[in-house]
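[1] pasting the sequence and the predicted coordinates here, then a few questions.
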Amino acid sequence: MKKILIIGKNGQVGWELQRTLAPLGQVQAIDYPELDLTNKTALHNALQALRPDVIVNAAAHTTVDQAEHEPERAQAINATAPAIMAETTRSMGALLVHYSTDHVYDGSGNTPFTEDMPAGPLNVYGHSKLLGDQAIQASGCRHLILRTSWVYGLRGRNFLLTMLRLAREHEELKVVDDQIGAPTWSRMIAEATALALARPTPVEGLYHCASSSETSWHGFTAAILELTRAQRTREPRLIGIPGSAYPAPARRPANSRLSCARLTQAADITLPHWREALALCLAQ
């Protein structure tokens, strides 16, 4: 059986990967403080000692606004650590799976971004993630990079859980309605990863991996409220606002649409409509 190492087991995607990758090999999952991604020597030594056949890096500095205040830490986790993983992976002849983000693009226009379009991150988080992608690609290691968007799940901190909490606490919710993307359930990302790795020849390269169709944060919230209405004694009023009315340290892309046609063509993998996936998630 292949030895599969999951880094970031406590994150939204990492948690799901432990289940979805279990049939494919001998899975070992670690996270901080077992492994400190800001310690370059410790990271290299740990990978050399474990010598996995597949490294799945589901760890990242994902707090977008916080990254603006600690760019060095964001770069250490999102750029330097993946670069070390890539070099070590290449020396061992292993495969590196890594997750990236819609934030590597500038959010211009209103058409889906393809993998070949130029990047242009608007914030520290996106810049650090782009550097990680580029380091992996430049290393010459075998790799699979999956860029996704608007990740949510039933654990950790994410938009879905925040909206469920706010819907219980407030009579009115003001949510941005001019940023467009595809909410993507962490379990769907993990299952797409398993499908890509389970092929006779594992899929390699850079691919977009996000739910089908698109919506705004306001539309996503409306669907959350509709699907969970029976769980509340009262319904909050939902109001759409422009992103400019919700000031934050980090700029967000207005257009987070990702074309996932390349992944469909290469591996026959298509994630479901975002609303269908949301209903499945909430059914849990």
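    Arrived safely, thanks for sending. Numbers count the residues shown, from 1 in each chain.

[2] contacts and neighbour counts: CA atoms only from here.
    Fine.

[3] so residue 27 touches residue 9, yeah?
    No: if you go by C-alpha atoms under 8 Å, residue 27 and residue 9 don't touch, sitting 10.9 Å apart.

[4] counting neighbours, go ahead and name the busier of these two.
    A count of neighbours by other C-alpha atoms under 10 Å puts residue 9 above the other of residue 27 and residue 9, at 22 against 19.

[5] returning to what we had before: list the residues that contact both of residue 27 and residue 9?
    Jointly contacting residue 27 and residue 9 under the rule C-alpha atoms under 8 Å, 6 or more residues apart in numbering are residue 18.

[6] could you look up the SS state of the residue of the chain most remote from its centre?
    The centre of the chain is farthest from one residue, residue 233, which by C-alpha atoms, centre = their mean lies 33.2 Å away. The three-state label given to residue 233 by DSSP: H, G, I helix; E, B strand; the rest coil is coil.

[7] now it: how far from residue 168?
    Here the distance between residue 233 and residue 168 works out to 9 Å (C-alpha to C-alpha, to the nearest Å).

[8] where does residue 3 land on pLDDT?
    Residue 3 is assigned a predicted lDDT (pLDDT) of 97.

[9] what is the neighbour count of it?
    Counted with other C-alpha under 10 Å, residue 3 comes out at 17.

[10] dump the residue contacts of it.
    Per C-alpha under 8 Å, 6+ apart, neighbours of residue 3: 25, 26, 27, 28, 52, 53, 54.

[11] need phi/psi at it.
    Main-chain torsions, residue 3, degrees, to the nearest 10: phi -90, psi 120.

[12] related to what we said a few turns ago, in ChimeraX, how would I select the buried members of the contacts of residue 3?
    In ChimeraX, this line selects whichever of the contacts of residue 3 come out buried by 16 or more other C-alpha atoms under 10 Å:
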select :27,28,52,53,54
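
[13] now for the contacts of residue 3: which two are most distant?
    28 and 53 (11.3 Å; C-alpha to C-alpha).

[14] now the common contact residues for the two.
    Listed as contacting both residue 28 and residue 53 by C-alpha under 8 Å, 6+ apart are 3, 4, 5.

[15] will you turn these into CSV that also has distance to residue 189?
    Below are the shared contacts of residue 28 and residue 53 laid out as CSV (distance: C-alpha to C-alpha, whole Å):
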residue, distance to residue 189
3, 20
4, 17
5, 17
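
[16] of the residues you listed, closest to residue 181?
    For the shared contacts of residue 28 and residue 53, the minimum distance to residue 181 (C-alpha to C-alpha) is 30.4 Å, reached by residue 5.
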